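# Quick one, what's the 3D model for this:
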Amino acid sequence: GHLIDFDKDGDHFERVGGQDSAGDLMIRNIQLKHAGKYVCMVQTSVDKLSAAADLIVRGPPGPPEAVTIDEITDTTAQLSWRPGPDNH
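You can find the predicted model right below:
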């Protein structure tokens, strides 16, 4: 993993929070690449604690792969392909 740089990654990550929260993470314009484990760590001079959550990002299916033309006649063409990434 890597630390979130709110200045560099500000297009997607924003630190938000209200009166009842010390801080929350908002991910805007989320993309498939943002899926993964997120860990929040806090440290004081007395102790250190962390909590983790797995983020699943669902998206539209990817395009078909390995498209081939198997047979061509005067009026038809037979195609085959493998499904692309499901992204679910």
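# Could you list the low-confidence segments of the protein?
For the chain, residues meeting the criterion pLDDT under 70 lie at 1, 18-22.
# For it, just list every one of the helices.
Listed from the start of the chain, the chain has no helices (DSSP state H) to report.
# What are the structural domain limits within it?
Listed domain ranges for the chain are 13-55, 61-88 (source: automatic domain parsing).
# any chance of those in TSV, plus distance to residue 3?
Where C-beta positions appear, they are placed from N, C-alpha and C, glycine not excepted. Output for the domains of the chain, formatted as TSV (distance: least, CB to CB, whole Å):
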stretch	distance to residue 3
domain 13-55	10
domain 61-88	27
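# could I get these as a markdown table with mean neighbour count?
Converted to a markdown table, the domains of the chain look like this (neighbours: other CB atoms under 10 Å):
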| stretch | mean neighbour count |
| --- | --- |
| domain 13-55 | 10 |
| domain 61-88 | 10 |
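# so which of those gets nearest residue 7?
Shortest distance between residue 7 and the domains of the chain, using CB to CB, is found for domain 13-55: 10.0 Å.
# And stretch 10-29, how far out from the chain middle?
For stretch 10-29, the distance from its own C-alpha centre to the chain's C-alpha centre is 17 Å (CA atoms, centre = their mean, to the nearest Å).
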